[in-house]
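Colleague: dropping the sequence and predicted coords here.
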Amino acid sequence: MVAAYKRNRDLAAELLRTRAGSFVPTAGAFYLWLPTSSPEDGTTLAKRLVTEHGVAVAPGPTFGPSGRYALRLSLATTPENLTEGINRIIRSGVLTDSSNTFELAPRADVVASLTKKES
């Protein structure tokens, strides 16, 4: 099971790094944090992703105020479903602009606080 999560984490990281820009890497978790570039909070975005794009993510605010402008992507699925889900999220346009680096993301304060939780 650990190997499957690691494989999916590496797959998701590569897809997000090359196509979407920002994400918060995790060392041993079965999820990734996705900072957003939208003025809408994570709860609103998560609802929009499931209703308009058919992809489910956990809204960041569920995990505390530092997740207000973030989404949590589960890695507990098949590589095929993960790839399709990430592609749908990218097409939705809610993620931080790919021209930005992680450190220059519009919500760097949120990203920093989420990263501290992972440590």
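Modeller: Perfect, thanks for sending it.
Colleague: so where do the strands sit in the protein?
Modeller: Assignment of strands within the chain using DSSP state E yields the ranges 31-35, 58-59, 70-74.
Colleague: give the pairing partners of the second one; include direction for each.
Modeller: If I follow you right, that is strand 58-59. Strand pairing for strand 58-59, determined by DSSP bridges: strand 70-74 (antiparallel).
Colleague: can you check what angle separates the strand it pairs with from strand 31-35?
Modeller: An angle of 150 degrees separates the directions of strand 70-74 and strand 31-35 when computed by axes from the mean of the first three to the mean of the last three Cα atoms, to 10 degrees.
Colleague: next one: strand 70-74 to chain centre, how far?
Modeller: Relative to the centre of its chain, strand 70-74 is centred 4 Å away, using Cα atoms, centre = their mean, to the nearest Å.
Colleague: quick revisit: could you identify which of the strands of the chain is most buried?
Modeller: Stretch with highest mean neighbour count among the strands of the chain: strand 31-35 (a mean of 25; mean count of other Cβ atoms under 10 Å). For the C-beta atoms, the positions are set from N, CA and C on the backbone; glycine is no exception.
Colleague: and that strand, what does it pack against?
Modeller: Packing contacts for strand 31-35, counted by 3 or more Cβ pairs under 8 Å, 6 or more residues apart in numbering; DSSP states H and E, involve helix 2-19, strand 70-74, helix 108-118.
Colleague: now the last one: mean pLDDT?
Modeller: Averaged across helix 108-118, the pLDDT comes to 48.
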